[in-house]
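K.L.:
whatever this is, show me its structure:
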Amino acid sequence: MNATALHLSLALFAATTAPLATAQDSFPNKPVRFVNNFPAGGPSDLLARSVAAVLQETLKQTFVVENKAGAAGNIGAADVAKSAPDGHTVLFGIDTIFTVNPYLYNNMTFKTTDFRPVVVMASSGLLVGVHPGTGIKTLAGMIEAGKTKGLNFSSAGSGSPGHLAVEVIKEATQAKITHIPYRGNTPAVTAVLSGEVDGGVLATPGMLPHVQAGKITALAVTSRQRSRLAPDLPTVSEAGLKTLEQEVLYLVMAPAATPDAVVQTLQKHIIDALKRPDIQTRMATLDLFYEGLTGAQASQRIEALHTRYGPIVKATGMKVE
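P.N.:
Residues are numbered from 1 along each chain as shown. Below is the predicted model:
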């Protein structure tokens, strides 16, 4: 899908006015499924479970988180795309399904027009870290090592934010870094710990305990601002490589024909949940920064990332393995 087509589909996200469902006034009137399209234990999954617990309390209905991982999130997204557009099945995931995957997959079983945004909840960066045995201490040192002898870097899977980050680093610096995909953040971190790979670009919470234990050397974070979990660690921009900035958006998407009133109910209760002190604390432990974007703002943010990533995917020859 080209950028123009995505622009049109995202514009429709904000403008869609679906026919009112008979039971929408009593939404939710049965258990709600949060389909999380990545493995359990990662930031997206943990945020989903925190929000689901609050919504179960405030909306007096069961909220269940189902992990449907695979194909860089496409399997879970396809499940939601074919679900009834009544708000009882929504996608709880990250932006790459809509911003990167359309460039990587020629035969996705769903289209971006099959969805409308409920809310862009939060954003986060990734942590660039290496095994201490590499002797690398800084981001500049990592790039130099990549140019001179080559490196292997893990990510949470083909098409994941970490995979994209590795390709961005390679394209911007000409370092020779081989991408090694794993099935989720946890095994990708384990690969760095064991020395199976030289390093990784991964979610900060999964890396940080090992950084603090001296088992992984942290080099930088990819976000625009420093991590609240590791405030002494520089951003890639502060390390002199602004072109490596990359953030992940955590979002909720509903089938496109979901009635406005249902979407608005979900928006209100999810945003209210995110603003609770206990959820704010939980988000801080996951290194997530509150966004709370809905409607046109959410669509524009997603589209901006899609527009940015297209040339990167094309230039790097990034492929799904």
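
K.L.:
in contact with residue 94, which residues?
P.N.:
By CB atoms under 8 Å, 6 or more residues apart in numbering, the contact set of residue 94 is 38, 44, 73, 161, 248-251. Backbone N, C-alpha and C define where each C-beta goes, glycine included.

K.L.:
counting neighbours, what do you get for the nearest residue to residue 276 once chain neighbours are set aside?
P.N.:
Spatially, and ignoring its direct neighbours in sequence, residue 276 is nearest to residue 54 (6.6 Å; CB to CB, 6 or more residues apart in numbering). Other residues near residue 54 come to 18 when the count uses other CB atoms under 10 Å.

K.L.:
show me what contacts residue 54?
P.N.:
Contact analysis of residue 54 by CB under 8 Å, 6+ apart lists 269, 273, 276, 279.

K.L.:
tell me the one of the residues you listed nearest residue 167?
P.N.:
residue 279 (33.0 Å; CB to CB).

K.L.:
okay, buried residues for the helix or strand where residue 279 lies please.
P.N.:
Assigned by DSSP states H and E, residue 279 falls within helix 277-285. Across helix 277-285, burial judged by 16 or more other CB atoms under 10 Å covers 279, 282-283.

K.L.:
in its sheet, what does the next helix or strand after it sit against?
P.N.:
Next in sequence after helix 277-285, counting helices and strands by DSSP H and E, comes strand 289-293. Strands that pair with strand 289-293, judged by DSSP bridges, come out as strand 115-124 (antiparallel).

K.L.:
pull the strand it pairs with out as PDB, backbone CA atoms only.
P.N.:
C-alpha atoms of strand 115-124 as PDB (Å, rounded to 0.1, in the frame of the first residue of the first chain):
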ATOM      1  CA  PHE A 115      -9.800  -0.400  11.100                       C
ATOM      2  CA  ARG A 116     -10.400   2.900  12.800                       C
ATOM      3  CA  PRO A 117      -8.400   4.200  15.800                       C
ATOM      4  CA  VAL A 118      -9.900   4.300  19.200                       C
ATOM      5  CA  VAL A 119      -6.900   5.900  20.900                       C
ATOM      6  CA  VAL A 120      -3.100   6.200  20.700                       C
ATOM      7  CA  MET A 121      -2.400   5.600  24.300                       C
ATOM      8  CA  ALA A 122       1.300   5.900  24.800                       C
ATOM      9  CA  SER A 123       4.700   6.000  23.200                       C
ATOM     10  CA  SER A 124       8.100   4.600  24.100                       C
END
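
K.L.:
closest one to residue 226 out of the contacts of residue 94, please.
P.N.:
The shortest gap between residue 226 and any of those belongs to residue 248, at 16.0 Å (CB to CB).

K.L.:
rewinding a little: now, the contacts of residue 94 that are in strands?
P.N.:
When strands are assigned by DSSP state E, the members of the contacts of residue 94 inside them are 248-251.

K.L.:
dump these into CSV; add pLDDT, neighbour count and distance to residue 135 as well.
P.N.:
Putting those into CSV (pLDDT from 0 to 100; neighbours: other CB atoms under 10 Å; distance: CB to CB, whole Å) gives the following:
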residue, pLDDT, neighbour count, distance to residue 135
248, 94, 26, 29
249, 96, 22, 35
250, 97, 25, 35
251, 97, 26, 39
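
K.L.:
all helices of the protein, in order?
P.N.:
Along the chain, counting by DSSP state H, helices occupy 3-15, 43-58, 74-81, 96-99, 101-104, 139-148, 161-173, 185-194, 204-212, 260-275, 277-285, 295-316.

K.L.:
excluding sequence neighbours, find me the nearest residue to the residue nearest to the spatial centre of the chain.
P.N.:
The centre of the chain sits closest to residue 94, judged by CA atoms, centre = their mean, with a distance of 3.2 Å. Spatial nearest neighbour of residue 94, excluding adjacent residues (CB to CB, 6+ apart): residue 248 at 5.3 Å.
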